[in-house]
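> Sharing a model prediction with you, sequence too.
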Amino acid sequence: MSMLEIVTYPDNFLRRHAKPVENIDGKIQEMIENMAFTMYKASGIGLAAIQVGCDESIIVYDISPAEEKRSLCVLINPKIVSSGETTILGSEGCLSVPGFKADVKRVTSVLVEGFNSEGSPLRIEADGMLARVLQHEIDHLNGILFIDCISALKRELYKRRVKKKLRKKLRKK
């Protein structure tokens, strides 16, 4: 297993739409293993392939508390097929948007369909934290970042902070 480089905002790769996985072969299995390794090393609870420079429709996640046994979940070609009507505001962060958290409005429940790492169909009825993580990661597969779901003012403040950091970095070179 190897640590993959996490693509960070404002990289345009994060705006790509993932392609469906056609064949779950050794290459895909290796990508899943590397994504899981990367997610755990970065202390994340979810990671989409887009975030590591792969434009295939794969997400990995694990919402079990850190002190408990790991419980890695893999979803290939995930789609939200239905969602609840109730929304709730909750704090989110993202490995691709480092150093920033914000309250994001999400539906409280979703029904997601996709495939596991062996290619078997999965149907997941999720609510609470799992519903939030699935929405966040599936958004990544559609080129959407959580900062797209916050107020324009907060988004602009974050963008300015990132641009300022990038300018400082360029000056040091």
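The structure has been received and is ready for your questions. Numbers count the residues shown, from 1 in each chain.
> Please list all residues in contact with the residue at minimal distance from the centre of the chain.
Per CA atoms, centre = their mean, the C-alpha nearest to the average position across the chain is that of E137, at 3.2 Å. With contacts defined as CB atoms under 8 Å, 6 or more residues apart in numbering, E137 is in contact with G46, L47, A48, I59, Y61, L75, P78. For glycine as for every other residue, the C-beta is placed from the backbone atoms N, C-alpha and C.
> what's the most distant pair in the residues you listed?
L47 and P78 (12.9 Å; CB to CB).
> Mind giving me the packing neighbours of the strand or helix carrying N77?
Assessed by DSSP states H and E, N77 sits inside strand 73-83. Under the contact criterion of 3 or more CB pairs under 8 Å, 6 or more residues apart in numbering; DSSP states H and E, strand 73-83 touches helix 26-41, strand 58-61, strand 109-115, helix 128-141.
> hmm, 7 Å instead?
Helices and strands touching strand 73-83, by 3 or more CB pairs under 7 Å, 6 or more residues apart in numbering; DSSP states H and E, are strand 58-61, strand 109-115, helix 128-141.
> Dump these into CSV; add mean pLDDT as well.
Output for these, formatted as CSV (pLDDT from 0 to 100):
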stretch, mean pLDDT
strand 58-61, 98
strand 109-115, 98
helix 128-141, 97
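> quick one on the thing from earlier: the strand holding N77 vs helix 128-141, what angle?
Between the axes of strand 73-83 and helix 128-141, defined by axes from the mean of the first three to the mean of the last three CA atoms, to 10 degrees, the angle is 90 degrees.
> ok, how many other residues are close to K41?
12 (other CB atoms under 10 Å).
> Surely it touches M3?
Yes - if you go by CB atoms under 7 Å, K41 and M3 touch, sitting 5.7 Å apart.
> got any residues that touch both of L47 and P78?
Common contacts of L47 and P78, defined by CB atoms under 7 Å, 6 or more residues apart in numbering, comprise I59.
> Which one of these two is surrounded by more residues?
Between L47 and P78, counted using other CB under 10 Å, the more crowded position is L47 (26 against 22).
> So what pairs up with the more buried one in the strands?
V60 (DSSP bridges).
> okay, it: pLDDT?
L47 carries a pLDDT value of 98.
> sorry, back to before: just list what the helix or strand that the strand holding N77 is followed by packs against, helices and strands only.
Next along the chain after strand 73-83, taking DSSP H and E as the criterion, comes strand 87-94. Helices and strands touching strand 87-94, as assessed by 3+ CB pairs under 7 Å, 6+ apart, comprise strand 97-107.
> starting at the chain centroid, how far to the strand it packs on?
Between the centre of strand 97-107 and the centre of its chain there are 12 Å (CA atoms, centre = their mean, to the nearest Å).
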